[in-house]
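Asks: Pasting the sequence and the predicted coordinates here, then a few questions.
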Amino acid sequence: MIQRIDMLKSEINELQQMLNDLDDSAVIQRLSLQGRLNAAQGELERVEATPEPLRARLTFRGRPVFGSHGIAADFGGKASNAFADAFAAVVAGLNENLQFMGPIPDRVKNQLLITGTAQGSFGFVFELPPAAGLFPEHERTGDALATIQSLFEASAQGSDDEVAELVEAIHPRAVKKVFEFLCLLSQYHALCGLEFKDKTFRFEGTEQLERSAGRLAEGNIQEKKETHRGMFLGVLPNSRSFEFQTANGVIKGKIGTAIEDPDIINREWLRQESCITLGVIQVGQGRPRYTLIGLPE
């Protein structure tokens, strides 16, 4: 885009200079040049108003990679496809419209575009899809890439609670897609690094990669529903969080999206005996994380 802007500015300067040098009697030629100048200035305004697309660099090392010269086509194709699947699933998970089965929502719209090869080790430059829908605030493509990068890092180096916080933000199916991508790398004895915005994470070795994949495996992530009886101590509608007193202590959690108006709990159930159903996610030995999935009974 920067190159396009420079070309347009150069063309505008050239046209302005030609108009300045033109004799006053050359009326028709002046009209023609002025028309070209107006068109170039309009195109420059349009291009400058267009947001710069976000890009990420996914690079690989290991057995299928030949330095900065090339990458085995079989591995490169499978790895880029698995990463694109994980990206689309995480976008859908963040937009809270991903289901346990069926096609990934908006898979075509949220398709990564390969725009170049990344040098150093060998890999790909991905351009993220632009937010062009009616609800661009819901098209969280940049958030999805950052979440995948954070999930790589937390599962490799972080605590169970740090992993759980990210798992909670996306759908289990999206976590499984990230897990499958890491398993593919392990199968081919490869490692990867992901650079996005001003942050870079690289797996340091096979052991770290396998540890990361193991922590994202279904067997390490427990999901269940629990029913508790007690009373609400309070709800913060804007942060969508709650505290619920039970006989065994206070449960703190977040309010699921199925509840459109969290403040209704403050109005109708605050400090009243009630029964609630919670979704519970626990990663490894980390603390359980609770989500209120329906209004009290």
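Replies: Perfect, thanks for sending it.
Asks: those helices in the stretch 1-150 of the chain, which residues are they?
Replies: Taking DSSP state H, counting those that start in this stretch as the test, the helices found in the stretch 1-150 of the chain are 2-21, 27-49, 73-94, 141-157.
Asks: export those to JSON lines and tack on mean pLDDT?
Replies: Conversion of these to JSON lines gives the following (pLDDT from 0 to 100):
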{"stretch": "helix 2-21", "mean pLDDT": "87"}
{"stretch": "helix 27-49", "mean pLDDT": "88"}
{"stretch": "helix 73-94", "mean pLDDT": "94"}
{"stretch": "helix 141-157", "mean pLDDT": "95"}
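Asks: TSV for these, including mean neighbour count and distance to P288?
Replies: Every residue, glycine included, has its C-beta placed from N, CA and C. Shown next, in TSV, are the helices of the stretch 1-150 of the chain (neighbours: other C-beta atoms under 10 Å; distance: least, C-beta to C-beta, whole Å):
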stretch	mean neighbour count	distance to P288
helix 2-21	13	49
helix 27-49	13	47
helix 73-94	21	20
helix 141-157	21	17
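Asks: Can you add distance to F60 and give those helices back as a markdown table?
Replies: A markdown table is the format used below for the helices of the stretch 1-150 of the chain (distance: least, C-beta to C-beta, whole Å):
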| stretch | distance to F60 |
| --- | --- |
| helix 2-21 | 28 |
| helix 27-49 | 34 |
| helix 73-94 | 7 |
| helix 141-157 | 13 |
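Asks: looking at those, which is closest to C183?
Replies: Checking the helices of the stretch 1-150 of the chain against C183 by C-beta to C-beta gives helix 73-94 as the closest, at 8.8 Å.
Asks: mean confidence for the helix or strand hosting K176?
Replies: Per DSSP states H and E: K176 is located in helix 172-187. Per-residue pLDDT over helix 172-187 has a mean of 95.
Asks: elements contacting that helix?
Replies: helix 73-94, helix 141-157, helix 206-216, strand 221-236 (3 or more C-beta pairs under 8 Å, 6 or more residues apart in numbering; DSSP states H and E).
Asks: quick one: it to helix 73-94, angle?
Replies: Orientation check (axes from the mean of the first three to the mean of the last three C-alpha atoms, to 10 degrees): helix 172-187 against helix 73-94 gives 160 degrees.
Asks: Any buried residues in helix 172-187, and which?
Replies: Within helix 172-187, the residues scored as buried using 16 or more other C-beta atoms under 10 Å are 172-186.
Asks: Identify all contacting residues around it.
Replies: Here helix 172-187 makes contact (C-beta atoms under 8 Å, 6 or more residues apart in numbering) with 60, 62, 78-79, 82-83, 85-86, 89-90, 92-93, 98-100, 148, 151-152, 167, 191-192, 203, 206, 209-210, 212-213, 216-218, 221, 223.
Asks: C-terminal to that helix, what's the next element?
Replies: Immediately after helix 172-187, counting by DSSP H and E, sits strand 190-196.
Asks: partners of the next helix or strand along the chain from that next one in the sheet?
Replies: Counting by DSSP H and E, the next helix or strand C-terminal to strand 190-196 is strand 199-202. Using DSSP bridges, strand 199-202 pairs in its sheet with strand 190-196 (antiparallel).
Asks: what is the rounded mean pLDDT of the partner strand?
Replies: For strand 190-196, mean pLDDT is 95.
Asks: now swap in stretch 251-266 and tell me
Replies: 90.
Asks: and N266, what are its phi and psi?
Replies: phi -60, psi -40 (degrees, to the nearest 10).
Asks: so who does the one residue sitting closest to the centre of the chain touch?
Replies: Centroid-nearest residue in the chain: A144, 0.6 Å away (criterion: C-alpha atoms, centre = their mean). Shown in contact with A144 (C-beta under 8 Å, 6+ apart): F87, V90, V91, L94, N110.
Asks: Among those residues, find me the one that's closest to A26.
Replies: Of all the contacts of A144, A26 sits closest to N110, with 53.0 Å by C-beta to C-beta.
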